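[1] quick one, structure for this:
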Amino acid sequence: MQGAKEKAKDLVSSAKAKVKEQEAKVEEKLEKATARSEVQKEIAHERSKAKIAEAKMEMHAEKVQHREESMMRHRFHRHDDVGVQPVHHDPGPILAPAFPTYPVSGAHPVTKK
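    Sure thing, here's the model as predicted:
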């Protein structure tokens, strides 16, 4: 059920972003129609791109907020997991150290004989 709510909220966010994108495109066309020079047309296009990027950024920010809300709801309403045994995985033998034994530059240390 939580997944469906999250998807519905994401769809609303996507729809809002698409509406804002279309508004930006219409404004761009209006500005281009009233522009007197190529520079003004270029500025109108750049404004449109900025508004579209802002709409997409807001959509992604809202999606993140939806995920955080569902995680918080899940955290506070989780079950006790009665009868469930924890799973332990054996990592196996460690074959190599986690850090290089020689300098990161690639040069091996000089050893004296």
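[2] residue ranges with poor pLDDT in this structure?
    Scanning the chain for pLDDT under 70 picks out the ranges 1-2, 76-113.
[3] by contact count, what packs against the longest helix along it?
    Across the chain, the longest stretch assigned as helix under DSSP state H is helix 38-76. Under the contact definition 3 or more Cβ pairs under 8 Å, 6 or more residues apart in numbering; DSSP states H and E, helix 38-76 sits against helix 2-34. For every residue, glycine as well, the C-beta is placed using N, CA and C.
[4] buried set for the helix it packs on?
    6, 9, 13, 17, 20-21, 24, 28, 31 (16 or more other Cβ atoms under 10 Å).
[5] could those go into JSON lines alongside distance to Q40?
    Shown next, in JSON lines, are those (distance: Cβ to Cβ, whole Å):
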{"residue": "E6", "distance to Q40": "43"}
{"residue": "K9", "distance to Q40": "39"}
{"residue": "S13", "distance to Q40": "33"}
{"residue": "A17", "distance to Q40": "27"}
{"residue": "K20", "distance to Q40": "23"}
{"residue": "E21", "distance to Q40": "22"}
{"residue": "A24", "distance to Q40": "17"}
{"residue": "E28", "distance to Q40": "12"}
{"residue": "E31", "distance to Q40": "7"}
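[6] which of those residues sit farthest apart?
    E6 and E31 (37.3 Å; Cβ to Cβ).
[7] look up how far M57 lies from E46.
    16 Å (Cβ to Cβ, to the nearest Å).
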